[in-house]
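Engineer: Based on what follows, work out the 3D shape:
(chains A and B)
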Amino acid sequence: MSILLSSQSRVLVQGLTGREGTFHAEQMKAYGTNLVAGVSPGKGGTTHLGVPIFDMVADARRETGADVSGIFVPAPFAADAIMEAAAGGIGLIVCITEGIPLYDMVRARAFVEAAGVRLIGPNCPGLVTAGQGKVGIIPNHINHEGSVGIVSRSGTLTYEVIQGLSQAGLGQTTSVGIGGDPILGLSFSEVLRLFKEDAATRAVVMIGEIGGSDEEAAAESVIGRDFGKPVIGFISGRTAPPGKRMGHAGAIISGNTGTASSKVQALKRAGAEICDTIEEVVAAAAAAVDQPSSAAHR
Amino acid sequence: MKFLEYQVKERFRAAGIPVPDGRLAKNPDEAALAAGALGSVVVKAQVPAGGRGKAGGIKLARTPLDAKRAAAEILGMTIKGYPVREVWCETAQEILRELYLGLTLDRDARKPVLILSAQGGMDIEEVAQTHPATIAKLHPDPWRGPLAFEVRDLIFRAGLGPLQAQLTPLITKLYALGRTFDALTIEINPLALTRDGGLVAADGKLEIDENAMFRHKDLHGADESDEDPLEAEAKRRKLTYVRLDGSIGVIGNGAGLVMNTLDLVEREGGHAADFLDIGGGAKAEVVHSALELLASDPRVKGILINIFGGITRGDEVAHGIIEASRDLNLKLPLVVRMTGTREEEGRRLLKEAGIPPEASASAAARKIVELAASGGDRPAAAS
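Structural biologist: Here you go, the predicted structure:
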């Protein structure tokens, strides 16, 4: 079991023939992902990395049964690519592209919501279901199968956690990077709800960062309400000054919202265990999966 | 991209949003001339920062001589690090009441939000704290924008029903302007109700989404070259850099990882001098450029590089570090932590170059704080 992505998922890549798309789709294939098609407007009818290329997502879906799309399209065209995937019948869209104009994203987000489709990202590393498949750019070799779910707003920090867990002998179910932009698809709350229902996931590591109030919302509406599994939380940017955008467009403390302490407090109140370092996260996750899941949560 | 008040007001005027008459002055004599033409004026410092009034950068002048004096004072000021090079002199308004109107993006609702308040003239975040009941919000559908009845509803909820006829077109125009310019924030604050019953934009703010600048290449905003010279240099080098107050230079890949590195430095008792993210897939030249930038900062007493290779390759980064420390003749303590893609090669290269990488990010943070503390004190450095 896992969430969002499995070995049964039929994956297409929008922007497959581009430099980024080619490099990462090769890695995805090497990980065992069931890559079935690519979409590059104007290159329909050709073949790339051993899969057929289509002009339109809808064609790829009809011909190959693709149900998941990874987007590696340049920022000016990425919001349109997201909407094309949603209209083309894709069930899960993973947008890796960074730097999409925010007004493009609010429109794409509304479009995706109306279509009832799940979107991960943009500006995210994507997701891996350990041993089954990957859509995105998380390095292959760090993932190992196991029982810890990961949800994170960061890219490289997610890799740190995955690697730390794997080195400690703790595998993962699914690791999801939800992205560092202000306007995102799936929130912490939505991914946590999926982990709650996933029998294979026995503990969840949640990597938040300063900015916005998505962590607080997840604490109040999901973790604090009979989540039933241990949640190990980590917030980066605790020493970041207010008013400065720390790399991620979304990582900014403005006024009283978005501070690390507000997030830490909310998560603690909800019963999550908050750690100060990645090493502590790994140790806490190890302790959590050692115990029967019902007893581990208070 | 941020804009100066007068630049925003030019946009407002072009969009049909009423603004007071005004003139730009680069010296006291020009300010006197403006007052001669306009009568009583408000002389306002033009800098891309808030809090100008509190800093003394806004003065009322009833005569040309007053205006000349006010401009002479203000033009010498530095407000929030920005030297004042221009003042905007505009007709003083007889204001009965100050309102607030703004458009921004609501990340929690994942939609644009129009905000209207019967309480203007101060920071809207402050109003939200002190007079929350005076704030009304509308989340327009991002595809069709606000409909007329939604705008009316917003006005009534803000308790501004009597001004409905004047406010409705203003709100619609502000939304259209914000959309056209991909505004992260566009604000009229205060939106002044004047003695003659008109509504006028007494001040304005506009910040455009950097991600959308490819659509607005012809626009020129505030000259931000007055900002921190290091931040300006980083921008020229296309590096994601934020200046902080400490003495440990930090370089890493990925925003979350760099933020965490700052936290680790702090945990070990040090303070980071910067946030510098070289991003994904950085080549040796980028690492070189990042190191060069930090080495040029006299506050930096030691540099910590934290790399987790995903798309970024360890060997590429190692080459950048080795070449840069050689070219720059780097004397500062340098600690590297490297893991991920091609880490073996990267670590081997570093070891051979006499920069043995640390095993973990925590260990690396501890080491650089120690090294910077022992070797970084300026007077002791001579020994």
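
Engineer: Let me see the confidence value for the residue of the stretch 151-300 of chain B found nearest chain A.
Structural biologist: Closest residue of the stretch 151-300 of chain B to chain A, Cβ to the nearest Cβ: residue B:256 (2.3 Å). Every residue, glycine included, has its C-beta placed from N, CA and C. At residue B:256, the model reports a pLDDT of 90.

Engineer: my guess is it contacts residue A:211, does it?
Structural biologist: No. Look at residue B:256 against residue A:211 with Cβ atoms under 8 Å: they stay out of range, at 11.1 Å.

Engineer: For burial, what's the neighbour tally of the residue of chain A found nearest chain B?
Structural biologist: At 2.3 Å from chain B, residue A:154 is the closest residue in chain A, using Cβ to the nearest Cβ. By the criterion of other Cβ atoms under 10 Å in any protein chain shown, residue A:154 has 31 neighbours.

Engineer: of residue B:256 and residue A:211, who's got more company?
Structural biologist: Ranked by neighbour count (other Cβ under 10 Å), residue B:256 and residue A:211 place residue B:256 first, with 31 against 27.

Engineer: what's near enough to touch that one?
Structural biologist: Contacts for residue B:256 (Cβ atoms under 8 Å, 6 or more residues apart in numbering or on different chains) come out as A:152-158, A:180, A:207, A:209, A:236-237, A:248, A:251.

Engineer: filter these to the buried ones?
Structural biologist: A:152-158, A:180, A:207, A:209, A:236-237, A:248, A:251 (16 or more other Cβ atoms under 10 Å in any protein chain shown).

Engineer: between those, which is closest to residue B:352?
Structural biologist: residue A:156 (25.5 Å; Cβ to Cβ).

Engineer: Can you list the neighbours in contact with stretch B:117-131?
Structural biologist: Residues contacting stretch B:117-131 (Cβ under 8 Å, 6+ apart): A:254-256, B:50, B:97-102, B:115, B:134-136, B:158-160, B:187, B:189-192.

Engineer: Now the buried members of those residues.
Structural biologist: Buried among those by 16+ other Cβ under 10 Å: B:97-102, B:115, B:134-136, B:158, B:160, B:187, B:189-192.

Engineer: Could you pull out the strands in chain A for me?
Structural biologist: A:11-14, A:35-39, A:47-48, A:51-54, A:68-71, A:92-95, A:118-120, A:126-129, A:133-136, A:145-152, A:172-177, A:203-209, A:231-236, A:273-275 (DSSP state E).

Engineer: Helix, strand or coil: sort out the residue of the stretch 151-300 of chain B closest to chain A for me.
Structural biologist: Put simply, residue B:256 is helix when judged by DSSP: H, G, I helix; E, B strand; the rest coil.

Engineer: Can you name the residues that contact the closest residue to it other than its chain neighbours?
Structural biologist: Distances taken as Cβ to Cβ, 6 or more residues apart in numbering or on different chains place residue A:154 nearest to residue B:256, at 2.3 Å, with adjacent residues excluded. Taking Cβ under 8 Å, 6+ apart, we find residue A:154 in contact with A:177, A:180, A:207, A:209, A:236, A:248, B:254, B:255, B:256, B:257, B:259, B:260.

Engineer: Confirm for me that the second one is in contact with residue A:245.
Structural biologist: Just to be clear, that refers to residue A:180. No. At 10.6 Å, residue A:180 does not count as touching residue A:245 under the criterion of Cβ under 8 Å.

Engineer: okay, and the common contacts of these two?
Structural biologist: Contacts common to residue A:180 and residue A:245, judged by Cβ under 8 Å, 6+ apart, are residue A:251.

Engineer: Let me know how buried residue 252 is, in neighbour terms.
Structural biologist: Let's take chain A. Residue A:252: 20 neighbours (other Cβ under 10 Å).

Engineer: looking at chain B here, not the other one
Structural biologist: Neighbours around residue B:252, by other Cβ under 10 Å: 29.

Engineer: Report the beta-bridge partners for it.
Structural biologist: With DSSP bridges as the criterion, residue B:252 is bridged to residue B:277, residue B:306.

Engineer: Before we move on, what's the pLDDT of it?
Structural biologist: Taking residue B:252 on its own, its pLDDT is 94.

Engineer: so how many other residues sit close to the closest residue to residue B:146 other than its chain neighbours?
Structural biologist: In space, and not counting its chain neighbours, residue B:146 is closest to residue B:140: 4.0 Å by Cβ to Cβ, 6+ apart. Using other Cβ under 10 Å, residue B:140 has 21 other residues around it.

Engineer: Repeat that for residue B:237.
Structural biologist: 14.

Engineer: How about residue A:213?
Structural biologist: So residue A:213, with other Cβ under 10 Å, has 17 neighbours.

Engineer: show me what contacts the residue lying farthest from the centre of chain A?
Structural biologist: For chain A, the residue at maximal distance from the C-alpha centroid (Cα atoms, centre = their mean) is residue A:45, at 31.2 Å. The contact partners of residue A:45, by Cβ under 8 Å, 6+ apart, come to A:52, A:53.

Engineer: And for residue A:150?
Structural biologist: Residue A:150 sits in contact with A:158, A:161, A:162, A:165, A:172, A:174, A:175, A:176, A:204, A:205, A:206, A:207, where contact means Cβ under 8 Å, 6+ apart.

Engineer: Relative to residue B:328, how far out is it?
Structural biologist: To residue B:328, residue A:150 is 38 Å away according to Cβ to Cβ, to the nearest Å.

Engineer: Equivalent analysis for residue A:227, please.
Structural biologist: Distance from residue A:227 to residue B:328, by Cβ to Cβ: 51 Å.
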